[in-house]
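# dropping a prediction and its sequence here:
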Amino acid sequence: MSGFFRILVVDDDDYQQALLNSMLGDNYEVITASSGEQAIDLARQYSPALVLMDISMPGLTGYQTCTAMKADDELAAIPVIFLSGLVELEDRLAAYDCGGEDFISKPCARVELRNKITITLRKIEERTRLVDEAKNAFSTAMTALSSAGEIGVVLGCLRESFGCADYASLIEVVLQSVSNFSLRASVQIRGMGGCLSRNELGDTSPLETHVLTALVGGGRIVDFNNRSAFNYEHVSILIRNMPTDDTDRCGRLRDHLAMLAEGINARVVALDAEFSRHAQQQAMILMIEKTHKTLLDIEKRHQGHKLRAATIMHKMVDRIEDTFFTLGLNEIQEKKILAMINDSVDKILRLYEEGLAIESHVKSVMDQLVGVGRKTY
C-alpha cells in the first residue's frame, strides 16, 4: 500500500467526527459528512479511498447511503466500513447485504480502527491490481488471437500463391487476402511477364499505375495519410485505407503486409524462373525438331547420291568392258581388272550403307529428344 489516502467519515455526531479525525489525521486526509446525502456529494467530489459509515443518521441511513453508492458506477469501487453501536448479527448482515467491506463496533480502539483500514485498503489495492492484470491478460490474449488470425490470412495467401501460374491470378490472391483485413488495395507486379497493375475493381487507372510505379523508389514501406505502400523488387502493394486510428492494429498490419509482400515477391521470382525455363525448353524443342528435319533431308539426299553413284559405277564398268576389245588385253588381264573395279564399287557402296546406318541412329536419338521435350511441357 502506498500514497497518502483520503478517508471520508460519515456521522451525524460532531464528537464522533472529531474523535475519528484525531485518530486518523496524522496518517490520512480526513473529510467529514453529517448525512448520507452529503456523503454521496463529497464522495463524487473528492473520490476518497475509503468511507467510514455510521448507520443511524437522519435522512438516508448508512445502509441506504451505501446501497446508493454501490449503485453508482462512479462510486461503486469505494470500500465502505460501517462504524456503529449496533452490534447485533442482523446489523452485520444488513451491512454485508448493502455492500460493506467490514464492520467495527463503537466505541472502537485506535489500533483496531487503523488495522481494519490498513487491511481493507490493502485488500482493495490488491483487488484492483488483480483486476488490472486480468484486463491486461485478456487484452494481450485478444491481441494474440487477432494477430494469429491475421497471420493465418497471410499464410493462406502464400499457400494459395504456390498454385498461381501467372501474374493475374497471383494479384487476385493478394487482393482477396487483403480484403479479409477489411482493407482496399492496389497491386503491381513487375517481371519477365511484363508489368500488371490491378485493384479490387480491375485494372488500375493510368494515374494509379503511375503512383504504384513511382512508389518503388521511396523505400520498403512508404506511409502517407491513411495509405501505406509495401515495395519489393517485383511487387508493390498499396493499401488505401490503413486503420491509422487504431495504433496497435495498424502496427500489426504493417508487419503482416510486409511479410505478405516479401512472400509474393519470392513467388514472382519463382514464376519468372519457370517462364525462363519454359522458354529455354521450347527453344530446345524447336532446335531439335529443326535438326530432325535436316537429318531427314540429309538421309533422303544420301539415298539419292547412293543410287546415282551405283548407276555411274555400273555404267563405268560397262564402258570398260566395251573398251577391252581395243586394248589388246588377254582374258586373264580383263578378269583381273574387272575384279578390281567391282571390288572398289562394293567398297564405295558399303561406305554409303555405313553412312545411312549412322544417320538412322542419330535420327532415333533425335526422335527420343523430341519426345522427352514434349512430355516436359
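Cool, got the structure.

# shouldn't residue 60 be within a strand?
No: counting by DSSP: H, G, I helix; E, B strand; the rest coil, residue 60 is not found in a strand; it is coil.

# next one, pLDDT for it please.
According to the prediction, residue 60 has pLDDT 92.

# so it makes contact with residue 69?
No: using Cβ atoms under 8 Å as the test, residue 60 is too far from residue 69 to be in contact (10.3 Å). In short, each C-beta sits where N, CA and C put it, glycine included.

# of those two, which one has the most company?
In terms of neighbours (other Cβ atoms under 10 Å), residue 69 is the more surrounded of residue 60 and residue 69; the figures are 23 against 18.

# same for the helix or strand hosting that one, what does it pack against?
In this structure, residue 69 sits in helix 62-70 according to DSSP states H and E. The contact analysis (3 or more Cβ pairs under 8 Å, 6 or more residues apart in numbering; DSSP states H and E) places helix 62-70 against helix 36-46, strand 50-53, strand 80-84, helix 89-97.

# let's have those in CSV, adding mean pLDDT and distance to residue 339.
CSV is the format used below for the helices and strands packed on helix 62-70 (pLDDT from 0 to 100; distance: least, Cβ to Cβ, whole Å):
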stretch, mean pLDDT, distance to residue 339
helix 36-46, 93, 139
strand 50-53, 93, 139
strand 80-84, 89, 140
helix 89-97, 86, 139
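
# and the strands in the stretch 51-200 of the chain?
Using DSSP state E, counting those that start in this stretch, the strands of the stretch 51-200 of the chain run over residues 80-84, 102-105, 185-191, 194-199.

# okay if I get the ones you listed as a markdown table plus mean neighbour count and distance to residue 10?
Output for the strands of the stretch 51-200 of the chain, formatted as a markdown table (neighbours: other Cβ atoms under 10 Å; distance: least, Cβ to Cβ, whole Å):
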| stretch | mean neighbour count | distance to residue 10 |
| --- | --- | --- |
| strand 80-84 | 23 | 9 |
| strand 102-105 | 18 | 13 |
| strand 185-191 | 23 | 62 |
| strand 194-199 | 17 | 66 |
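
# how about these in TSV, adding distance to residue 260?
Output for the strands of the stretch 51-200 of the chain, formatted as TSV (distance: least, Cβ to Cβ, whole Å):
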stretch	distance to residue 260
strand 80-84	55
strand 102-105	58
strand 185-191	10
strand 194-199	16
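
# which one of these lies closest to residue 313?
Residue 313 lies closest to strand 194-199 among the strands of the stretch 51-200 of the chain, at 62.7 Å (Cβ to Cβ).

# now that closest one against strand 185-191, angle please.
Strand 194-199 and strand 185-191 are oriented at 170 degrees to each other (axes from the mean of the first three to the mean of the last three Cα atoms, to 10 degrees).

# pairing partners for strand 194-199, with directions?
The pairing partners recorded for strand 194-199 under DSSP bridges are strand 185-191 (antiparallel), strand 202-203 (antiparallel).

# so what touches the first one?
To tie it back to what came earlier, the one meant is strand 185-191. 167, 170-171, 174-175, 178-179, 195-200, 204, 208-209, 212-213, 233-240, 264, 268-269, 271-272 (Cβ atoms under 8 Å, 6 or more residues apart in numbering).

# same deal with the last one?
Contact with strand 202-203 is made by residue 197, as judged by Cβ under 8 Å, 6+ apart.

# chain center to the helix or strand that it is followed by, what's the gap?
Next in sequence after strand 202-203, counting helices and strands by DSSP H and E, comes helix 206-215. With Cα atoms, centre = their mean, to the nearest Å as the basis, helix 206-215 stands 24 Å off its chain's centre.

# quick one: mean pLDDT for helix 206-215?
For helix 206-215, mean pLDDT rounds to 83.

# these two touch, right, residue 35 and residue 64?
No: with contacts counted by Cβ under 8 Å, residue 35 stays clear of residue 64, the gap being 10.9 Å.

# what about residue 67, how many neighbours?
17.

# list the residues that contact it.
Per Cβ under 8 Å, 6+ apart, neighbours of residue 67: 98, 99.

# go again with 10 Å.
For residue 67, the contact set (Cβ atoms under 10 Å, 6 or more residues apart in numbering) comprises 36, 60, 61, 80, 97, 98, 99.

# any idea how far residue 277 is from the last one?
In other words, residue 99. 77 Å (Cβ to Cβ, to the nearest Å).

# more crowded one of residue 35 and residue 64?
Each of residue 35 and residue 64 has its neighbours counted (other Cβ under 10 Å); residue 35 has more, 17 against 14.

# for the residue nearest to the spatial centre of the chain, give its distance to residue 59.
The centre of the chain sits closest to residue 154, judged by Cα atoms, centre = their mean, with a distance of 2.7 Å. According to Cβ to Cβ, residue 154 stands 64 Å off from residue 59.

# so how many other residues sit close to residue 89?
Neighbour tally, residue 89, other Cβ under 10 Å: 7.

# and it, how far from residue 103?
Separation of residue 89 from residue 103 (Cβ to Cβ): 11 Å.

# give me the number of neighbouring residues for residue 179.
Neighbours around residue 179, by other Cβ under 10 Å: 13.

# residue 206 now?
9.

# narrow the contacts of strand 185-191 to those that are buried.
Those of the contacts of strand 185-191 that meet the buried threshold are 167, 170-171, 174-175, 178, 196-199, 204, 208-209, 212, 234-240, 264, 268-269, 271, by 16 or more other Cβ atoms under 10 Å.

# among the strands paired with strand 194-199, which comes closest to residue 348?
Nearest of those (Cβ to Cβ): strand 185-191, 59.2 Å.
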